[in-house]
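Trainee: Next comes the sequence, and after it the predicted model I'd like to discuss.
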Amino acid sequence: MLCSYFVARLLVAARSDWYAQGYAECSHHVNNALKVDWDTSRSATHGVNTGAALASFKNRIQQFAAPCHDLINVALQSEDHVAQLREIFPDEGEDLA
């Protein structure tokens with residue numbers, strides 16, 4: 001489902017940004033403490049703007065969230081909201097035929 005895709009991508013982007021920021025902060029502390037110039041050019045996140053990727057996915061989630069929330073609100077108003085929600089968000093292994 002598209003919602004799951006965006007949430008998964010957001011989590012990956014957030015983890016990557018956290019890793020990149022943590023790595024940059026750690027290397028900064030090592031450089032200062034040891035008075036060396038630690039080479040970070042081999043880092044997987046070297047030169048990658050992970051913050052921009054995270055911001056992009058946050059924006060995409062916001063754009064997707066409103067229609068998704070509308071579907072959920074309509075389903076919750078129905079008499080059988082569980083069936084409505086299952087129709088909107090089917091289980092991966094569930095056969096809908």
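Mentor: Looks like it arrived, so ask away.

Trainee: what are the phi and psi angles of the residue of the chain most remote from its centre?
Mentor: Using C-alpha atoms, centre = their mean, the residue of the chain lying farthest from its centre is K35. It sits 36.3 Å away. Taking degrees, to the nearest 10, you get phi 60, psi 40 for the backbone angles of K35.

Trainee: What is the least confident helix or strand in the chain by mean pLDDT packed up against?
Mentor: Of all helical and strand segments in the chain, the minimum by mean pLDDT, DSSP states H and E falls on helix 2-34, at a mean of 76. Helices and strands touching helix 2-34, as assessed by 3 or more C-beta pairs under 8 Å, 6 or more residues apart in numbering; DSSP states H and E, comprise helix 50-77. No exception for glycine: its C-beta is placed from N, CA and C like everyone else's.

Trainee: Quick check: buried residues in the helix or strand following the helix it packs on?
Mentor: Past helix 50-77, further along toward the C-terminus, the next helix or strand under DSSP states H and E is helix 81-88. Within helix 81-88, the residues scored as buried using 16 or more other C-beta atoms under 10 Å are Q84.

Trainee: Let me know the angle separating helix 81-88 from helix 50-77.
Mentor: 140 degrees (axes from the mean of the first three to the mean of the last three C-alpha atoms, to 10 degrees).

Trainee: So what touches helix 81-88?
Mentor: For helix 81-88, the surrounding residues in contact (C-beta atoms under 8 Å, 6 or more residues apart in numbering) are L71, I72, V74, A75, L76, S78, E94.

Trainee: try stretch 31-50
Mentor: Contacts of stretch 31-50 (C-beta under 8 Å, 6+ apart): A13, S16, D17, Y19, A20, Q21, Y23, A24, S27, V30.
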